[in-house]
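**Q** The sequence and its predicted three-dimensional model are supplied below.
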Amino acid sequence: MDMNTIEAVVPTTDPAEWRDGDAWLAGGTVLFSYGSFAFGRLVSDGGPLRRLLDLGQAGWTPVTLSDAGIELAATCTVAELYALPESASVAGRSWPGLDLFRPCCDSFVASFKVWNMSTVGGNICTSLPAGPMISLCAGLDATATILGPGGSSRTVPVADFVTGDATNCLAPGELLRSIFVPAAALSAKVAFRRLSLSNLGRSGVLLTGRLDPDGGLVLTVTAATKRPVQLRFAAAGLPDAQQLAAAVERSIPAELYHDDIHGLPAWRRDMTFRLAEKIRAELLGEGIRVSGDFWNASGTPHATSAQPSAAPAPAPTKEAPNGH
């Protein structure tokens, strides 16, 4: 951790306190890894950090439930989110969408120390293609509430919040306050698929799907692409396998597929088509339900292991099929 340019740590939640050289600090798992030059080494790039605006004492309630849905404070930790589906607060609610929470938390493949410090808001604001909180919130049509200097406030769909690899819609000084997940999306039947090139590796492809109460189908592509991509089909126009493949082809241009050590664009593209069809078949009742991230060459599904309710640890990620 190289933070030797920091001159002050200011406990505040007020965007009016922000000035050039500042960074909002929540869990700090990424910020402390990047160090003082997290936002560039030159003044023209933002220069080294001078102050940290610490949200640690914000006192925001991590999770607030209502009949309208779930509000997650930006400072809600991964561990707090992971515990939610088994908590008494959601008992009796018919929200199948909660089935996405734990697989997305597992996608961090991180230690318990990270789970207990890393925040939902921090993961979204870091805006990496493989950010699993982006996958979860975008897939459930969540909206982000953003606070700005001068008391301004605006809301943005999480699917639109991330604009590219490590870029987002936040203006200088703006602060992500909370994320709201609507009950309508939580009431949907959901499916999850994820692939990584290596054991315990970063997500190379992560797709979620929803079959909404009105019969519409929503497919959200993340990790494979530089920003989330959503495909929506009305109940009257649910796609077959060929129609879905054509829609994916139209919706994701070649240059939007991410390219890094965790997967070449060609592999990410091929796996996006494959996992999209798996999700379509599951949600429309044409395939076996598999809550996991891998199918072997014979097509026999591998079930994922359950996580313990206490002191969560990352679930293992299987290797992707060979040939890509």
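**A** Okay, I see it.

**Q** where does the stretch 151-300 of the chain have low pLDDT?
**A** Applying pLDDT under 70 to the stretch 151-300 of the chain picks out residues 287-300.

**Q** and with 80 instead?
**A** Where the stretch 151-300 of the chain drops to pLDDT under 80, the residues are 286-300.

**Q** got the residue ranges for the helices in this structure?
**A** 31-34, 78-83, 101-106, 112-115, 120-126, 132-139, 158-161, 183-186, 241-251, 265-283 (DSSP state H).

**Q** Adding distance to Leu206 and mean neighbour count, write those out as JSON lines.
**A** Using the backbone N, CA and C atoms, a C-beta is placed for each residue, glycine as well. Formatted as JSON lines, those follow (distance: least, C-beta to C-beta, whole Å; neighbours: other C-beta atoms under 10 Å):
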{"stretch": "helix 31-34", "distance to Leu206": "21", "mean neighbour count": "16"}
{"stretch": "helix 78-83", "distance to Leu206": "15", "mean neighbour count": "20"}
{"stretch": "helix 101-106", "distance to Leu206": "8", "mean neighbour count": "24"}
{"stretch": "helix 112-115", "distance to Leu206": "18", "mean neighbour count": "16"}
{"stretch": "helix 120-126", "distance to Leu206": "13", "mean neighbour count": "26"}
{"stretch": "helix 132-139", "distance to Leu206": "5", "mean neighbour count": "28"}
{"stretch": "helix 158-161", "distance to Leu206": "14", "mean neighbour count": "22"}
{"stretch": "helix 183-186", "distance to Leu206": "17", "mean neighbour count": "20"}
{"stretch": "helix 241-251", "distance to Leu206": "15", "mean neighbour count": "14"}
{"stretch": "helix 265-283", "distance to Leu206": "8", "mean neighbour count": "21"}
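
**Q** got the ones you listed as a markdown table, with distance to Leu176 columns?
**A** Below are the helices of the chain laid out as a markdown table (distance: least, C-beta to C-beta, whole Å):
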| stretch | distance to Leu176 |
| --- | --- |
| helix 31-34 | 14 |
| helix 78-83 | 15 |
| helix 101-106 | 18 |
| helix 112-115 | 19 |
| helix 120-126 | 5 |
| helix 132-139 | 11 |
| helix 158-161 | 8 |
| helix 183-186 | 19 |
| helix 241-251 | 26 |
| helix 265-283 | 27 |
